[in-house]
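>>> Quick check, what structure comes out for this input:
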Amino acid sequence: MKIIPIGDAGDERLRDYRDLTDGKLRRLLEPAGGLYLAESSKVIARSLAAGHRPRSVLLQQKWLPDIEPLLEGHDVPVYLAEPGVLEELTGFAMHRGALASFHRPAPLDIPTLLASARRIVVLEDIVDHTNVGAVFRAVAGLGADAVLISPGCADPLYRRSVRVSMGTVLQVPWARLESWPAGLDQLRDAGFTVAALALDDRAVGLDEFAADPPERVAILLGTEGDGLSRRALSTADVTVTIPMSGGVDSLNVAAASAVALWALRVA
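Numbers count the residues shown, from 1 in each chain. The predicted model follows:
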């Protein structure tokens, strides 16, 4: 660990952290640059526990005692700066102690990811990073095995997704399907029943489906506004709906994932 004081927000050594509030820029920069950002000592600890390699750390002096034990044995620069410099650099006031830049892990092989799984979640074009992070937290907390995402889905390793998930995106196995919805055929080949969560007159209720569920289930969830596309629905093996009351027809996609995972949990 090398502690390096920084006084200039324009320092090129800090380029990983520049303009973090510009979502469009970061979505282009981070995957292409092979990096992701972890925010707070808890999330940084989870990144390290997952075996991910840090590139650097950025923080105020007062947070250094929290970070030093985590970085023992890691030869990485730790940049220290005053709050004003940090806000000018990142675009927001850093209240969570520290930011760390990590090398992205290598993509997981989908057949290997599915080999021993029994419950997975598949996301079609979820573009809200908050929802992506919340789904991953539900997957981790309710004991599902993995997440697959469509080509148009938001990046689970985007800073907001990682933060909302409380770092669980770093422990839940996930992969991005290269084709959609044709990629769902890989699930059937692995013995999964693809259950689309959607409003449909032909849908079976979740309680009925969960009463005698298939051995291996992939829960398919769609976008925040329009739900699943017709193409995705047409490839599902069954359509399932969550019975609602009070004049409400559906739940937020992250809440729906949690309800379905609880109902279909493996004993």
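
>>> switch to C-alpha atoms for all contacts and neighbour counts from now on
Will do.

>>> if I pick residue 166, what's in contact with it?
Residues near residue 166 by CA atoms under 8 Å, 6 or more residues apart in numbering: 42, 43, 133, 137.

>>> so can I have CSV of those showing distance to residue 254, neighbour count and pLDDT?
Listed next are the contacts of residue 166 as CSV, based on distance: CA to CA, whole Å; neighbours: other CA atoms under 10 Å; pLDDT from 0 to 100:
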residue, distance to residue 254, neighbour count, pLDDT
42, 22, 18, 92
43, 20, 23, 93
133, 9, 28, 97
137, 9, 23, 97
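
>>> Among those residues, which ones are in helices?
Among the contacts of residue 166, the members found in helices (DSSP state H) are 42, 43, 133, 137.

>>> of the residues you listed, closest to residue 158?
Taking CA to CA as the measure, residue 158 lies nearest residue 133 of these, at 9.1 Å.

>>> returning to that earlier point: what's the farthest-apart pair in the ones in helices among the contacts of residue 166?
42 and 133 (15.4 Å).

>>> And residue 139, how close does it get to residue 10?
Residue 139 sits 39 Å away from residue 10, going by CA to CA, to the nearest Å.

>>> which one of those two has more residues nearby?
Under the criterion of other CA atoms under 10 Å, the comparison of residue 139 against residue 10 puts residue 139 first, with 26 against 13.

>>> wouldn't the more buried one be in contact with residue 260 here?
No. Using CA atoms under 8 Å, residue 139 is not in contact with residue 260; the gap is 10.3 Å.

>>> picking that back up, same list (the contacts of residue 166) but as a markdown table, adding distance to residue 195.
Output for those, formatted as a markdown table (distance: CA to CA, whole Å):
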| residue | distance to residue 195 |
| --- | --- |
| 42 | 34 |
| 43 | 32 |
| 133 | 21 |
| 137 | 20 |
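
>>> now, among the ones in helices among the contacts of residue 166, which is nearest to residue 170?
The nearest member of those to residue 170, counting by CA to CA, is residue 43 at 8.6 Å.

>>> Just the helices from the chain, written as ranges.
Secondary structure of the chain (DSSP H): helices at 23-33, 41-49, 64-67, 83-90, 110-115, 129-141, 159-164, 185-189, 206-211, 230-235, 253-263.

>>> For residue 100, find the nearest of those helices.
Of all the helices of the chain, helix 41-49 sits nearest to residue 100, with 6.7 Å by CA to CA.

>>> What about residue 236, how many residues nearby?
20.

>>> residues in contact with residue 254?
When contacts are counted by CA under 8 Å, 6+ apart, residue 254 touches 131, 132, 134, 135, 138.

>>> Among those, find me the one that's closest to residue 150.
Nearest to residue 150, judged by CA to CA, of these is residue 132 at 12.0 Å.

>>> Check whether that closest one really touches residue 161, as I assumed.
Yes. Residue 132 lies in contact with residue 161 (CA under 8 Å); the separation is 6.0 Å.

>>> quick one: the residue nearest to the spatial centre of the chain and residue 128, what's the gap?
Central residue of the chain (CA atoms, centre = their mean): residue 156, 3.1 Å from the mean position. Going from residue 156 to residue 128 by CA to CA gives 10 Å.

>>> Test my guess that residue 214 contacts residue 193.
Yes. Counting by CA under 8 Å, residue 214 touches residue 193, with 6.8 Å between them.

>>> The two - which one has more neighbours?
residue 193 (20 against 17).

>>> give me every residue that touches residue 149.
Contacts for residue 149 (CA under 8 Å, 6+ apart) come out as 122, 123, 124, 125, 174, 175, 176, 177.

>>> how about a cut-off of 7 Å?
For residue 149, the contact set (CA atoms under 7 Å, 6 or more residues apart in numbering) comprises 122, 123, 124, 175, 176, 177.

>>> ok, now how distant is the fifth one from residue 121?
By that I understand residue 176. When distance is defined by CA to CA, residue 176 is 12 Å away from residue 121.

>>> And those two? Which one has more around it.
Between residue 176 and residue 121, residue 121 has the larger neighbour count (other CA under 10 Å), namely 24 against 21.

>>> how about the more buried one, what does it touch?
146, 147, 148, 218, 219, 220.

>>> So the first one sits against residue 123, correct?
What it means is residue 146. No. Between residue 146 and residue 123 there is no contact under CA atoms under 7 Å: 11.2 Å.
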